[in-house]
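>>> model this:
(one chain, ligands or ions: 1)
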Amino acid sequence: MRDTDLLQLALGLTPPWQIVASRFDVAARRLDMDVAFPKGARFACPACGASDCPAYGTTEMTWRHLNFFQHEAYLHARVPRVTCKTCGVKRVAVPWAREGSGFTLLFEALVMAMMAVMPVAAAARLVREHGTRLWRILHHYVEDARRRADHAAVTRVAFDETAARRGHDYVSLFVDLDGPRVLFVADGKDAATVEAFAADLAGHGGAAENVSEVCIDMSPAFIKGTAAHLPKAGITFDKFHAVKIINDAVDQVRRTELKTRPELKKSRYLWLKNKDNLSASQRDVLGGLSGLNLKTARAYQIRLAFQDFYAEPSREAAEVFLKKWYFWATHSRLAPVVDAARTIKRHWDGVLRWFDSKIANGLIEGINSLVQAAKAKARGYRSTRNLKAVIYMIAGKLDLRLPT
Ligand SMILES: [Zn+2]
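This is a model prediction of the structure:
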């Protein structure tokens, strides 16, 4: 067997293509292979598939291939054009690469596998390529898979914003609670994001009218956007966001009271965390503070009661409970707690809807932390487009159809 035969087998070249020469440069750690077709060979038209088109006029092209051991490997070929009776003059499609790519399909599959687990810049360093060229590969496969994604069965959606490039720059994630998967990433965090989501859903075989449940925080933009663009959707306000509103009120009470009650110093964590997450000594300190006549301790009791609300057995029981809690909270004479209770009251239906829908945003929070971790590892992204592509790759459950 000649060495070129072995390479031909390894590359999976199909007729009329064959390896005609190879040059091995040990000093440059490089293997170059020339692929060619015999004179008079005929090719299929890349547009309509008509076979047996005569070839003429070639263009010299090069593709990077998988390393041959530690040596960078390149394919070279003169790629012909065909004249198709129907389509006219077209450049032939080669079996080892997609049109417009300077890499073989197998090389692309390798770097896609790398970029799924490491920052693009790290993959680029390992294969000694420019990051921009690898981003181009990533965008191609993600966009191609996104075009094919089927959202026809989507009925329950959660959405929330996440920090994008700089602290004040946001994208909003729309998540299929039954996937679970990221369906859509929108620029910004305003009502228009919901409109963009509804349009994207329609573009993937879904329908805004089929969305029956959404889970969101109490952002007026999301509420408005849902009413306008997801007309059949009932809103559940995420319970962790609801509890956080009360928690923030407890913290405000503590910060004000700290000025006159120094024993509250360094106690912030104790009031905010669940008791189960405190150590025995932390619980002792909290118990001691709770015994003192502190406004913070009263606010804390109101927060604990609000959490118990979610353990009620039914929506009816929960509504009775919430009314009592509201009365207690609004008579507490603790201004931040009164404000928080009024906020809950204004969003009453969506808070109670949890007892029917049982949906929450925990899933989004999880996806969010994956995204933020990837972002930190990559030391940020040059563009929002890059960030979006990474989110789809990490959490979109896309069928990337990588060549094998
Ligand atoms: Zn054709």
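>>> For the stretch 101-250 of the chain, which segments are assigned as strands?
Secondary structure of the stretch 101-250 of the chain by DSSP state E, counting those that start in this stretch: the strands cover 156-163, 170-176, 181-187, 213-216, 234-237.
>>> Can you spell out which helices and strands pack onto the third one?
Spelled out, that is strand 181-187. Counting contacts by 3 or more Cβ pairs under 8 Å, 6 or more residues apart in numbering; DSSP states H and E, strand 181-187 is packed against strand 170-176, helix 192-203, helix 384-395. C-betas here are computed from N, CA, C, even on glycine.
>>> Tell me where the stretch 51-200 of the chain is predicted with low confidence.
Low-confidence segments of the stretch 51-200 of the chain (pLDDT under 70): 167.
>>> Out of the helices and strands packed on strand 181-187, flag the one nearest the ion.
The ion sits nearest to helix 192-203 of all the helices and strands packed on strand 181-187, at 28.8 Å, using Cβ to the ion.
>>> end to end, how far does stretch 109-122 reach?
Taking Cα to Cα, to the nearest Å, the first and last residues of stretch 109-122 lie 16 Å apart.
>>> what does stretch 355-368 give?
Using Cα to Cα, the two ends of stretch 355-368 sit 25 Å apart.
>>> Close to the ion: what parts of the protein are there?
Cys45, Ala47, Cys48, Ala50, Cys84, Thr86, Cys87 (Cβ under 5 Å from the ion).
>>> Okay, Val243 and Ile394: tell me how far apart.
According to Cβ to Cβ, to the nearest Å, Val243 stands 27 Å off from Ile394.
>>> Helices of the stretch 1-150 of the chain, start to end?
In the stretch 1-150 of the chain, the helices defined using DSSP state H, counting those that start in this stretch lie at 3-11, 105-115, 120-127, 131-148.
>>> if we can go back for a sec, which one of the strands of the stretch 101-250 of the chain is the most hemmed in?
strand 213-216 (a mean of 25; mean count of other Cβ atoms under 10 Å).
>>> what packs against that one?
strand 156-163, helix 220-229, strand 234-237.
>>> May I ask which of the residues of the chain next to the ion has the most neighbours?
Using other Cβ atoms under 10 Å as the neighbour test, the residues of the chain next to the ion are led by Cys45, with 21 neighbours.
>>> So it sits against Cys84, correct?
Yes: using Cβ atoms under 8 Å, Cys45 is in contact with Cys84, at 3.7 Å.
>>> Which neighbours do the two have in common?
Cys53, Lys90 (Cβ atoms under 8 Å, 6 or more residues apart in numbering).
>>> about what we covered before: nearest to Gly291, of the residues of the chain next to the ion?
When the residues of the chain next to the ion are compared for distance to Gly291 (Cβ to Cβ), Ala47 wins out at 81.7 Å.
>>> Which residues are in contact with the closest one?
Cys84, Thr86, Cys87, Lys90.
>>> Just put the residues you listed in TSV and tack on distance to Ala124.
What follows is the contacts of Ala47, written out as TSV (distance: Cβ to Cβ, whole Å):
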residue	distance to Ala124
Cys84	38
Thr86	41
Cys87	37
Lys90	33
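>>> May I ask which two of the residues you listed are separated the most?
It's Thr86 and Lys90 that sit farthest apart of the contacts of Ala47, by Cβ to Cβ, at 10.1 Å.
>>> what sits in contact with each of those two?
Cys45, Ala47.
>>> for the residue of the stretch 101-250 of the chain found nearest the ion, phi and psi?
Nearest residue of the stretch 101-250 of the chain to the ion, counting by Cβ to the ion: Ser101, 21.6 Å away. Main-chain torsions, Ser101, degrees, to the nearest 10: phi -100, psi 140.
>>> Am I right that it is in contact with Arg64?
No: Ser101 is not in contact with Arg64 according to Cβ under 8 Å; the separation is 9.5 Å.
>>> Give me the nearest residue to the residue of the stretch 101-250 of the chain closest to the ion, chain neighbours excluded.
Glu108 (6.8 Å; Cβ to Cβ, 6 or more residues apart in numbering).
>>> swap in Met114?
Using Cβ to Cβ, 6+ apart, the closest residue to Met114 is Ala123 (4.0 Å).
>>> Extract the C-alpha set from stretch 126-137 and format it as PDB.
Only the C-alpha atoms of stretch 126-137 are listed here, as PDB (Å, rounded to 0.1, in the frame of the first residue of the first chain):
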ATOM      1  CA  LEU A 126      -4.700  24.700  21.200                       C
ATOM      2  CA  VAL A 127      -5.200  24.300  17.500                       C
ATOM      3  CA  ARG A 128      -3.100  27.400  16.700                       C
ATOM      4  CA  GLU A 129      -5.800  29.200  14.700                       C
ATOM      5  CA  HIS A 130      -7.100  32.700  15.000                       C
ATOM      6  CA  GLY A 131     -10.100  33.000  17.300                       C
ATOM      7  CA  THR A 132     -12.200  34.900  14.700                       C
ATOM      8  CA  ARG A 133     -12.000  31.800  12.300                       C
ATOM      9  CA  LEU A 134     -13.200  29.500  15.100                       C
ATOM     10  CA  TRP A 135     -16.100  31.900  16.000                       C
ATOM     11  CA  ARG A 136     -17.100  31.700  12.300                       C
ATOM     12  CA  ILE A 137     -17.400  27.900  12.600                       C
END
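>>> and it, how far out from the chain's middle?
21 Å (Cα atoms, centre = their mean, to the nearest Å).
>>> buried set for that stretch?
Val127, Glu129, Gly131, Arg133, Leu134, Trp135, Ile137 (16 or more other Cβ atoms under 10 Å).
>>> Determine which two of those residues are furthest apart.
Between any two of these (Cβ to Cβ), the greatest distance is 13.3 Å, for Val127 and Trp135.
>>> hang on, the earlier thing: most packed of the helices of the stretch 1-150 of the chain?
helix 105-115 (a mean of 20).
>>> which residues sit against it?
Counting by Cβ under 8 Å, 6+ apart, 63-66, 96-98, 101, 103, 122-123, 126-127, 129, 134, 137-138, 141, 393, 400, 402-404 sit against helix 105-115.
>>> now with 6 Å?
Arg64, His65, Leu66, Ala97, Ala123, Leu134, Ile137, Leu138, Tyr141, Leu402, Pro403 (Cβ atoms under 6 Å, 6 or more residues apart in numbering).
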